[in-house]
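>>> what's the 3D shape of this:
(2 chains)
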There are 2 protein chains.
Amino acid sequence: MIGQNVLLLLLVVFTTLFLSPKTESNPPDVNKNPELMLNIDCTNYFYGKSPEQISGPSLDAYVDSILSSGATILMINTQAQRANYDSKAFEPFWQGFDPQAGDDQPYLAGLSKEAAARWRRLVTAMLTLHQQDIDYPQRIIERCRQKKVSPWISLRMNDTHNNDNIDHPMHSTLWVEHPEYWRVRDRKIDYYDRTFDYAHQAVRDHFMGLIGETLDRYDIDGLELDFLREPYIFKIGRESENRRLLTDWVQTVKNKVDAAAKQRGHDIGLSVRIPAWPQTAKNLGFDIANWAILGLIDCVVVSPRWATIDNNLPMSLWADLLHDTDVTLAGGLEVRYQPFADGPAQMASPEIATGTAASLLDRGADVIYLFNYFFMHFSRTEWSFEAFQKRLGAMADPQSCYRQSRRHVLTYPDVQAHGEPAAALLPSIAGHHFFRLYTGPKPANRSCQVLISTMENPSLNPCLRVNNVPCALKACHSDTLIYEVPDAAITAEQHTIEVISIDDAPLTITRVEFFVAEEK
Amino acid sequence: MIGQNVLLLLLVVFTTLFLSPKTESNPPDVNKNPELMLNIDCTNYFYGKSPEQISGPSLDAYVDSILSSGATILMINTQAQRANYDSKAFEPFWQGFDPQAGDDQPYLAGLSKEAAARWRRLVTAMLTLHQQDIDYPQRIIERCRQKKVSPWISLRMNDTHNNDNIDHPMHSTLWVEHPEYWRVRDRKIDYYDRTFDYAHQAVRDHFMGLIGETLDRYDIDGLELDFLREPYIFKIGRESENRRLLTDWVQTVKNKVDAAAKQRGHDIGLSVRIPAWPQTAKNLGFDIANWAILGLIDCVVVSPRWATIDNNLPMSLWADLLHDTDVTLAGGLEVRYQPFADGPAQMASPEIATGTAASLLDRGADVIYLFNYFFMHFSRTEWSFEAFQKRLGAMADPQSCYRQSRRHVLTYPDVQAHGEPAAALLPSIAGHHFFRLYTGPKPANRSCQVLISTMENPSLNPCLRVNNVPCALKACHSDTLIYEVPDAAITAEQHTIEVISIDDAPLTITRVEFFVAEEK
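Have a look, this model is predicted:
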């Protein structure tokens, strides 16, 4: 969301700068099936906007531009450690901020000069909307209703942005004043050390308060517990002994949701966004299959956390786990593409997003869920406004998604419980390599290619086979080799890619992609 | 089974040499719950025996000694590529063998002088039993009935022992004459290249013939399809497109089983032994969750293949997958202990077997399934006859199993589909390590220790924590460090072990064990 990655920051800034409400989307039908879910975070609208750009109509236009994706369910995120509206349960972002005072005020004391100016702009934008008597979530909900889009609220269950800076104004008082609630205090393990430990009643109550307020205050179609910000909610090694406690707590949430539904006179769904692999989720305390059996949840969003889009998410495993329930299975897309941890990253292209969506839908996802997909007008990438509409819109219609050009990329699961193996394939250093990619429905009569990148001289021309069928080298640019996949190799669901170096010399492969041309 | 590993070969030879029917076990009750399943392979009884040692009573005594394990279900394996009885569907092992001719006869032509002598002894033993008009499976079934033990037959669905020697007499004519049915012909990938490709009708018919014969000929309580000998039954990359075909084929097996049950007037179960991880099983063509939903199977045996016992088998994931079915979930134990692929291996000790069984039972296994556990009289190891009885017997009674001393060891999944990541943690080379072990019910008031082995000088004394609690170094021998785990660190189900080197210097860890002393 904020500052975690320069790429994303630029992204949201550019997004907002180039935001244009000119195009009116066709109103998506809330009852149409399948759906498309899209999450908008609590700061994106405000980023880079001057107070003059903040208004009810401007927020409506922002929502309209987001909905040009074809999203039928809008997941409205309203907070991190603070809320972007005048919350009583959480502090609003602007609490403690004095718009009249200079940058030397206590609220901004934890920030550098540049950061203070940026942050001031952001909270000023939020405060401006509030001072116009416009409630951010309420206004978006109303706009969704007008557009026949289903509004949900998505709550981040343990956001820890900027946790290396205790004085950052985005932190909650509870977090600052109670380091004894942090998961790891005595040393540095990783980015997640200072997330809250849900074993503490006060922590659970803090989030339950926000849940209660959200349900009381907003007439939504559903509530989401976003456990991917962040998935580490118990002390390392203490997750299994707290699993039951968390299940009971989710039962309490469910009871609140049901009570709200009764009062509102319509169903309210409960969704959870959780780590991609079932055993990882369970090891971290999330007993998802049990939650489904107990009837606690209506939707499970299986997704990478942030580091990379994941074409190989285990959707069919989740589909098998949930087969006897009514739970909707959502497959999540992130915007980054990073073949291996700490490796080079870029934005996932429209083809990559389509490939991943096709792979997930083909293997049991009922719906696609987009996270950090705000770049509808980011004209300096392949994500033109047309691409944004065309690619995302098709994700609500699997057959249309499958027909588009698509690229299936090999990445890695970006969340593990501590002590679990990292199931990574790249970089792969060997003379003989195997890779497996889920590639959607059988791409019959469509040109298919495999692309690999190597650290060695590509003129070494390693042999490549797909499903045991040799593939001819078609092109070689810099570190990248492209092979044509013959029809005889083409299968449904997945392809196995084999790379054999000359004389079994070690070859370092850093990228593997399977491309399917658009259906003619 | 044969010759794959010297350790195992010695094992079975010694087993038979020291075999003693002296001890009469209490007859296990077939209706007792939980059960204990034990697989006996098709050659173990015969190994190392002279013709004079072959007889009905000797076979009965062999069965009795096996049953001193406390097994309540005996899985009688009757074949590899050939059968150990006078089968019409498969060739018997001795087909083509002339007991009167010398070692230069065509049947033995594929073997070295030493191997020919060994093999001759084995087939002579089998032939001797047959010539005594004793049918191996039938005799064991009868003994089981007398002992109130449930007899099942376990068929190896793609055994490929000695596939590097096409002239080995253990191969079937179908396999020798039809290399076009092999999965990989044109080059060497791995040990499994020459397993049959089930995409061929002739291959499926070959095994269906054996299944039909087994059901017609033997009055068994259940039939097992042992897909762990070997799990590679389709061409690489062609598994998913054949998944449906295999499911249909298993449906046909189920129909045959049901028809036999009707004819016999009692239930006949159908079990499948399959790779440990659900996604691996699915990628290899085994749609287990679907088979369960369709009602095709009564028991799923989740097990490593052979290379190592696996304390961390994903039992709770399987339990979640099968929760709404009546399918029995068996957790499989192998006899080797190998922390990492191609690393040093030893026999799993009684404590390791107990630890693994406790871990599997605690996480959802309904029953323990033992494979290659023949060493009831292998006096030169810790597997004394008393240990054999005490350790295996307790596996049929989880509470008793939990109370014994136990050792939970970190190993790796020994089966992957080609192109899947190898989920291995060892050897671990880092300054800061995390390991996660499933450790059974909370070992309250019991001494617990963690053992690690390193490649570096152990006097470097790395810091070790369990569930974030520092553990004191208790002993240091050669490459091994032993730490005492304080009560404050003890949890149920799993422990996370953290190792931190001095000054973050890289440390190579090759072994991680969690020991729980016997309950006082």
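
>>> Quick check: residues of the stretch 301-450 of chain A near chain B?
For the stretch 301-450 of chain A, the residues in contact with chain B under the definition Cβ under 8 Å from any Cβ of the partner chain are A:314, A:316-317, A:320-321, A:323-324, A:417-421, A:423-425, A:432, A:434-437. From N, CA and C alone the C-beta is placed, and that goes for glycine too.

>>> Next step: those residues restricted to strands.
When those are checked against strands using DSSP state E, the ones located there are A:H432, A:F434, A:F435, A:R436, A:L437.

>>> Can you give me the buried ones in the helix or strand A:V272 falls within?
Secondary structure assignment for A:V272, by DSSP states H and E: strand A:269-274. Residues A:G269, A:L270, A:S271, A:V272, A:R273, A:I274 are the ones in strand A:269-274 that count as buried (16 or more other Cβ atoms under 10 Å in any protein chain shown).

>>> Give me the nearest residue to A:N290, chain neighbours excluded.
For A:N290, ignoring the flanking residues on the chain, the nearest one in space by Cβ to Cβ, 6 or more residues apart in numbering or on different chains is A:T247 at 6.1 Å.

>>> That neighbour and chain B: what is the separation?
Taking Cβ to the nearest Cβ, to the nearest Å as the measure, A:T247 falls 13 Å from chain B.

>>> Specify the local secondary structure of that residue.
Assigned by DSSP: H, G, I helix; E, B strand; the rest coil, the conformation of A:T247 is helix.

>>> surely it meets A:A292?
No. Under the criterion of Cβ atoms under 8 Å, A:T247 makes no contact with A:A292, lying 11.2 Å away.

>>> These two: which has the busier surroundings?
In this comparison of A:T247 against A:A292, neighbours counted by other Cβ atoms under 10 Å in any protein chain shown, the higher total goes to A:A292 at 24 against 17.

>>> Phi, psi for A:E241 please.
The main-chain torsion angles of A:E241 are listed as degrees, to the nearest 10 and equal phi -70, psi -10.

>>> If we ignore the residues flanking it in sequence, what's nearest it?
Using Cβ to Cβ, 6+ apart and skipping residues adjacent in sequence, the residue nearest A:E241 is B:T491, 4.9 Å away.

>>> For chain A, which segments count as helices?
Remark: helices assigned in chain A by DSSP state H are A:6-17, A:56-67, A:113-131, A:136-146, A:173-177, A:201-217, A:243-264, A:278-283, A:288-293, A:315-322, A:350-362, A:385-394, A:398-403.

>>> of all those, which gets the most neighbours per residue?
Among the helices of chain A, the stretch with the highest mean neighbour count (mean count of other Cβ atoms under 10 Å in any protein chain shown) is helix A:350-362, at a mean of 27.

>>> ok, residues contacting that helix?
Residues outside helix A:350-362 that contact it (Cβ atoms under 8 Å, 6 or more residues apart in numbering or on different chains): A:34, A:309-313, A:315, A:331, A:333, A:337, A:348, A:368, A:373, A:382-383, A:387, A:390-392, A:394-395, A:398, A:401-402, A:404-409, A:437-441, A:493, A:514-516.

>>> Try it again at 6 Å.
In this structure, residues lying in contact with helix A:350-362 by Cβ atoms under 6 Å, 6 or more residues apart in numbering or on different chains are A:309, A:311, A:315, A:331, A:333, A:337, A:368, A:382, A:387, A:391, A:395, A:398, A:401-402, A:404-409, A:438, A:440-441.

>>> the inter-axis angle of that helix versus helix A:385-394?
10 degrees (axes from the mean of the first three to the mean of the last three Cα atoms, to 10 degrees).

>>> Now do the contacts for A:E230.
Residues in contact with A:E230, defined by Cβ under 6 Å, 6+ apart, are A:N158, A:T160, A:Y192, A:T195.

>>> Now do stretch A:89-105: distance from first to last residue.
End-to-end span of stretch A:89-105 (Cα to Cα, to the nearest Å): 25 Å.

>>> Return the set of buried residues in that stretch.
Using 16+ other Cβ under 10 Å as the burial criterion, the residues of stretch A:89-105 that qualify are A:A89, A:F90, A:E91, A:P92, A:F93, A:W94, A:Q95, A:F97, A:Q105.

>>> next one: that stretch to chain centre, how far?
In terms of Cα atoms, centre = their mean, to the nearest Å, the centre of stretch A:89-105 is found 29 Å from the chain centre.

>>> Show residues contacting that stretch.
Contacts made with stretch A:89-105 from outside it, assessed by Cβ under 6 Å, 6+ apart, are listed as A:79, A:82-84, A:86, A:107, A:116, A:123, A:126-127, A:172, A:209-210, A:213.

>>> let's see 7 Å
Surrounding stretch A:89-105, the residues in contact under the criterion Cβ atoms under 7 Å, 6 or more residues apart in numbering or on different chains are A:79, A:82-86, A:107, A:113, A:116-117, A:120, A:123-124, A:126-127, A:169-170, A:172-173, A:209-210, A:213.

>>> and what of stretch A:173-193?
Applying Cβ under 7 Å, 6+ apart, the set of residues contacting stretch A:173-193 is A:81, A:91, A:160, A:166, A:194-197, A:200, A:202-203, A:206, A:230, A:232, A:235.

>>> can you pull the buried residues of that stretch?
Residues A:L174, A:W175, A:Y181, A:W182, A:R183, A:V184, A:I189, A:Y192, A:D193 are the ones in stretch A:173-193 that count as buried (16+ other Cβ under 10 Å).
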